[in-house]
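> could you look at this predicted model? Sequence included:
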Amino acid sequence: MENGQDLIKDPKSLHYGNLLLVFTLLNFTIGILFYPGRFSLVHHAFSHLGNLYSLDGHPNNVSMYVNQAGMIICGWILFRLGRYHLMKRPVPNSPFYWVLSWLIALGYLLMVCPADSPRFRLAHVIGSALVVGGFVFLVLAKLLAIRPAVGLYIFWLATLSIMLPVLAYAFMWLIKFPGNPLFQKFAIIALIAGVYYTFRVSRVRGETGLVSGSGSVHDETALS
């Protein structure tokens, strides 16, 4: 118990977070290596790795297939994370986490569609919104849940450090700023850091319920 609130540890979510980090880095790294021409962090969005053609008009077969495989694997990891929270209910907020995890998983599957295909572009945009939006809400929920464990100062420092790059990217995307792809990289780094930090704190120190009175779980559903 910290700050007068019961903290429940989440023993396994960090495992899925680590898997997601590894496959995300592998997906981006291999995709960049096989992207036709030179992939620029300033001028290329990561979605370009899954396009049918490069910005120069060259076929992008290898990088696209790598990206599609990566999206499917990441979607499977999020599906397993959601299933874990649905079946085991390790923490009070598990019902919220499994819904968000499955929405993100759906988003990853939709992002398999190439963004430069007029036929499938809308599906890709919807998928991107589900992934980014889902992770934003997941990280925010986790930050609120671990606040009693880390204190108010660390909570606000972490929240601002994670959310400001995401909001900056969203704003640059809306105004179609030419350097928007660079802001995307900072937003992705912030979300990855947010997932790892909140999942780790939840595993080591624990978290509390977002709803008043949900600071504990039943013995039969909690993991030892």
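Arrived safely, thanks for sending. Numbering: from 1, shown residues only.

> the lengthiest helix in the chain packs against which elements?
When the chain is parsed with DSSP state H, its longest helix is helix 121-150. In terms of contacts (3 or more C-beta pairs under 8 Å, 6 or more residues apart in numbering; DSSP states H and E), helix 121-150 is packed against helix 94-110, helix 152-174, helix 180-204. Any C-beta I mention is one placed from the backbone N, CA and C, and that applies to glycine too.

> how about the residue nearest the centre of the chain: what's its closest non-neighbour residue?
Central residue of the chain (C-alpha atoms, centre = their mean): Phe135, 4.1 Å from the mean position. Among residues not flanking Phe135 along the chain, Leu191 sits closest, at 4.9 Å (C-beta to C-beta, 6 or more residues apart in numbering).

> residue contacts, the one you found?
Val132, Phe135, Val136, Val139, Ile162, Val166 (C-beta atoms under 8 Å, 6 or more residues apart in numbering).

> can you pull the buried residues of stretch 195-206?
Val195, Tyr197, Thr198, Phe199, Arg200, Val201, Ser202, Arg203, Gly206 (16 or more other C-beta atoms under 10 Å).

> mind listing what Ile104 touches?
So Ile104 contacts Gly75, Leu78, Leu130, Val131, Gly134, Phe135, Leu138 (C-beta under 8 Å, 6+ apart).

> what is the neighbour count of the closest residue to it other than its chain neighbours?
The shortest distance from Ile104 to any non-neighbouring residue, by C-beta to C-beta, 6+ apart, is to Gly134 (3.7 Å). By the criterion of other C-beta atoms under 10 Å, Gly134 has 21 neighbours.

> now do Gly134 against Gly75, distance only.
Distance of Gly134 to Gly75, computed by C-beta to C-beta, to the nearest Å: 11 Å.

> who touches both of the two?
Ile104, Gly107.

> now the end-to-end length of stretch 104-119.
22 Å (C-alpha to C-alpha, to the nearest Å).

> need the contacts of Ile104 in TSV with pLDDT and distance to Asn67, can you?
Below are the contacts of Ile104 laid out as TSV (pLDDT from 0 to 100; distance: C-beta to C-beta, whole Å):
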residue	pLDDT	distance to Asn67
Gly75	98	12
Leu78	98	16
Leu130	97	17
Val131	97	13
Gly134	97	19
Phe135	97	18
Leu138	97	22
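
> assess the claim that Leu210 and Asn93 are in contact.
Yes: checked against C-beta atoms under 8 Å, the pair Leu210 and Asn93 is within contact range at 5.4 Å.

> which one's more surrounded, these two?
Asn93 (25 against 13).

> where does the more buried one land on pLDDT?
pLDDT, Asn93: 96.
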